[in-house]
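Structure for this input, please:
(chains A and B)
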Amino acid sequence: MMVTKANIKGIIYHPASIAPLINFRVLFGLILLISLGRFAWYDWIEAQYLSPQFHFSYFGFNWVKPLGTGMYLLFGIMALASIGIILGFLYRISALVFFLSFTYVELIDVSNYLNHYYFVSIMALLLAFLPAHREFSIDAWRKPKLHASHIPNGFLLVLQVMIGLVYFYAGLAKLNTDWLFHALPLRIWLPPYTGLPLVGSLMDELWVAYAFSWFGAIYDLTIPFFLFYRKTRPYAFIAVIIFHMVTWILFPIGMFPFIMIFSATVFFSADFHDRILRSFQSVLKKLRLKVKTNSVASYYQPSYPEWVWGFLGIFLFIQILLPWRFMAYPGNLYWTEQGYRFSWRVMLMEKAGYAIFHIKDPDTGKEWEEYAHDYLTPVQEKQMSTQPDMILQFAHFLEKQLVQQGITDPEVRAEVYVSLNGRGSRLFLDPKVDLTLIKEGFHHKSWVLPYKNQ
Amino acid sequence: MKFKYLFFLLLMVTGFICLLPSCVEDEKNEKITLDRSPLLQSIADNVILPGYENLHIDVTEMEASIEQFLENPAPNTLDQTRSDFEKAYHSWQVVAFFEFGPAFTETLRANVNTFPTDYFSIENAVQSGEIDLNKLSSQNKKGFPALDYFFYGVGDTDETILEKFTTDPYSDHRKAYLAAVSEDLFAKVDKVYKEWMASGGNFRQTFIDKDGTDVGSSMGLMVNALSEYYERITRDARIGIPLGKRSQGVIIPQNAEAYYSGTSVSLATKNLDGIIDFFLGKNGQQDGEGLYDYLKSLNHEYEGELLADVLINNLEEAKSKVADIPSPFSESVKTNPQPAEIAHSQLQKTLILIKVDMASALGILISYQDNDGD
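Have a look, this model is predicted:
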């Protein structure tokens, strides 16, 4: 069958019930609100944005700085925006405000990078482009002409493709020899869980580590397709719940499992979502809250379709390409981490390192050492010790500190040892390179030593 | 029904794949045997409790001889006090790195061994007679380093030292200060020791029961405490800082541990001795299970050798390199810093094995902060 323009148009404009979008809006907004509350409850605003004296910026985003106590205000705005998303109140503005403020917060410090924060960021951006407020919302209640019972199927498809991409790329990333043929890093991560009830005794069995590795890879690669096909969907969703609950028990990954479980519901049929919506409405009615629903079927179409579909298309295109950028760099990806982030490489390796910074004052010939723990939080230090771009940034920060202390032209060299997947630690960077002479950027970091597998 | 076939196929493939590894991998150790409770019990009974018990005995004896010295400051009582002081200071070195549980709550290390001691403030307090050792800012005016100053540093010769406690106009104040330091030191050690004992706080049981490897587990606390201590005290405070590693290459001899008695090298060697014994689960002749044995059972390799052996060999090497530093360290750092440089780089090498390789092998998060991962 030829894929024609008319074909694509047919798929995109095929009228679909708005219910899946509504439920996704409410669930996603709820989980955002809960995540924010949890973040504040643990005092992480203070720990991650107020107490550190130095922040690792993303290349080109060095203007993004913490706002001092204004961070609390920013988190407050995010909480309001997520309530706006849940209630469908000033919906598009709420989604956009959430996207901007959340992304701003995440851009402050690379050491806080988590794949699921990135996921939240891009989902929030997508939400701003979806007509998820045209039913069951304050906006539609205030402006009845916003009402729509049906929307172009393309809007749902974008969400489904995006979620499918996350899984699929996470699966592709697992297709490497360490993961498949050495059960690494799971054979290191599982044995500490021998204390679990019932299954505890299995956790230090090697075959269990292999089974988890292979099942994880197959699950990630296939689940988008099983979710997509109606007949396999219920089983696939059970698998989604089991998979994410297991990862939730075993790994410190916070809200991520719940975000993914809720997200997977966008694959469900319109019928299912309609029923959920209706039962929710009847609960609200019992609470004597009047919910006006428009029984007249109405189909919404974007006013500037070229712009909307164009944006969504380009967005997905970038998402498809981004994880492949590692191929532009030579060397072992897990070792150099050039092109590692923003690619759904989730819980993929056990990496630890330690950095000693050797300082030399060429004016006096004196040499001494600097250690990261004098300047960084434990989390920042841990993240920096295994990632070359962060080590470089820190070396430049040290240079600035030393210049302020009156050393005109300090030389900063890093002696860093890194262990990958439990293999013996080895020298990570060329210890002879003066890092003050190296520029930051996306170009290949030739001063990272090649990874030799013993 | 199509999907049934699909699922059957998936099950088959998964099942087959799970069997696959047994043919592709020739594993020496199919099951990783891990039972941490007996290990923790051994560490508590063979290393930690005897260590605190020894320290408790020595500090008690030291307190008694200090009392005699205060009653009658004379050459013979000074000698006795000094020898008891050195004995107790050495006993401290083998328990110093257990900075978790009661020792953490009581901030034992900071209270008994913050060096260099602030002799200037001590002298001021002696003159004014105002003694308050309970403030946070008093940590560098008490403990072993303050005693080191009183017994070796208040005068250049034994006669002038004794004069400070006899004929000096402030001798009464000085005696009161010394008594307060001795009392405070005993109280802190006594508190922590009793917290560990079954008849006291019974932290021993808590320690054995928390047998996971997460952040709050005994294993996690122990390894985190050890690596932090080894990094900041064993390497930095004892060797690196006097060597000028943290001060733009300018040496700071007076920052050496036990600067006045000149026993820095002996104390640092004893500390490494204690760390090695802790790894081996050893207490004198009695050799129980330690982290060494546990690491060995995990079968982790480092450049073709067992990581457990590499680690112990490197610690032994570090100990002998530290022992090679000419005493007193505060002099040799000026005249012959090379042996200390060599010791420092060996300490550095071993730190990486502890902080990177061992922590990785044990699956312990080296982090003193709670956060999400992904």
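
all contacts plus neighbour counts: C-alpha atoms, from now on.
Fine.

Residue 207: neighbour count?
If you meant another chain, say so; for now it's chain A. Residues near A:Trp207, counting by other C-alpha atoms under 10 Å in any protein chain shown, number 20.

could you do chain B instead?
The burial count for B:Phe207: 22, using other C-alpha under 10 Å.

residue contacts, the closest residue to it other than its chain neighbours?
Closest residue to B:Phe207 apart from its sequence neighbours, by C-alpha to C-alpha, 6 or more residues apart in numbering or on different chains: B:Ser218 at 5.7 Å. Applying C-alpha atoms under 8 Å, 6 or more residues apart in numbering or on different chains to B:Ser218 gives the contacts B:Leu40, B:Phe207, B:Ile208, B:Lys210, B:Asp211, B:Gly212.

Check B:Asp45 too.
Contacts of B:Asp45 by C-alpha under 8 Å, 6+ apart: none found.

secondary structure class for the nearest residue to B:Gln254 once chain neighbours are set aside?
Closest residue to B:Gln254 apart from its sequence neighbours, by C-alpha to C-alpha, 6+ apart: B:Ser330 at 6.5 Å. With DSSP: H, G, I helix; E, B strand; the rest coil as the basis, B:Ser330 sits in helix.

what pLDDT does B:Ser330 get?
With respect to pLDDT, B:Ser330 has a value of 96.

you'd agree it is up against B:Ser261?
No. Counting by C-alpha atoms under 8 Å, B:Ser330 does not reach B:Ser261; the two are 10.4 Å apart.

okay, these two: which has more neighbours?
B:Ser330 (26 against 17).

Tell me where the stretch 1-150 of chain A has helices.
Secondary structure of the stretch 1-150 of chain A (DSSP state H, counting those that start in this stretch): helices at A:5-13, A:19-41, A:44-45, A:70-87, A:91-108, A:115-129, A:138-142.

Looking at those helices, which is nearest to B:Glu257?
Comparing these by their distance to B:Glu257 (C-alpha to C-alpha), the top pick is helix A:44-45, with 37.5 Å.

Run through who's touching the closest one.
Contacts of helix A:44-45 (C-alpha under 8 Å, 6+ apart): A:Phe39, A:Met71, A:Tyr72.

per-residue pLDDT, the nearest residue to B:Gln127 once chain neighbours are set aside?
Nearest residue to B:Gln127, sequence neighbours excluded (C-alpha to C-alpha, 6+ apart): B:Tyr170, at 6.1 Å. Per-residue pLDDT puts B:Tyr170 at 95.

With B:Arg232 instead?
At B:Arg232 the predicted local distance difference test score is 96.

And for B:Gln285?
B:Gln285 carries a pLDDT value of 76.

now B:Ala343
98.

Look at it and give its secondary structure.
Here B:Ala343 takes the helix state, with states given by three-state DSSP.

And for it, the neighbour number?
Using other C-alpha under 10 Å, the number of residues around B:Ala343 comes to 23.

That one and chain A, how far apart?
Per C-alpha to the nearest C-alpha, to the nearest Å, B:Ala343 is found 15 Å from chain A.

try B:His300
Taken as C-alpha to the nearest C-alpha, the span from B:His300 to chain A is 8 Å.

buried sites along stretch B:52-63?
B:Tyr52, B:Glu53, B:Asn54, B:Leu55, B:His56, B:Asp58, B:Val59, B:Thr60, B:Glu61, B:Met62, B:Glu63 (16 or more other C-alpha atoms under 10 Å in any protein chain shown).

Then stretch A:383-401?
Residues of stretch A:383-401 classed as buried: A:383-400 (neighbour count, 16+ other C-alpha under 10 Å).

The residues you listed also near chain B: which ones?
With C-alpha under 8 Å from any C-alpha of the partner chain as the criterion, the buried residues of stretch A:383-401 include none near chain B.

Helices - which of these land there?
Using DSSP state H, the subset of the buried residues of stretch A:383-401 located in helices is A:383-384, A:388-400.

can you count the residues close to A:Leu321?
A:Leu321 has 10 neighbouring residues, counting by other C-alpha under 10 Å.

Would you state the helices of the stretch 51-200 of chain B in chain order?
B:75-93, B:102-105, B:108-112, B:119-128, B:143-148, B:158-165, B:171-196.

would you list the ones you listed in CSV and tack on distance to A:Ile314 and mean neighbour count?
What follows is the helices of the stretch 51-200 of chain B, written out as CSV (distance: least, C-alpha to C-alpha, whole Å; neighbours: other C-alpha atoms under 10 Å in any protein chain shown):
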stretch, distance to A:Ile314, mean neighbour count
helix B:75-93, 64, 20
helix B:102-105, 55, 16
helix B:108-112, 59, 22
helix B:119-128, 69, 16
helix B:143-148, 68, 26
helix B:158-165, 83, 18
helix B:171-196, 64, 20
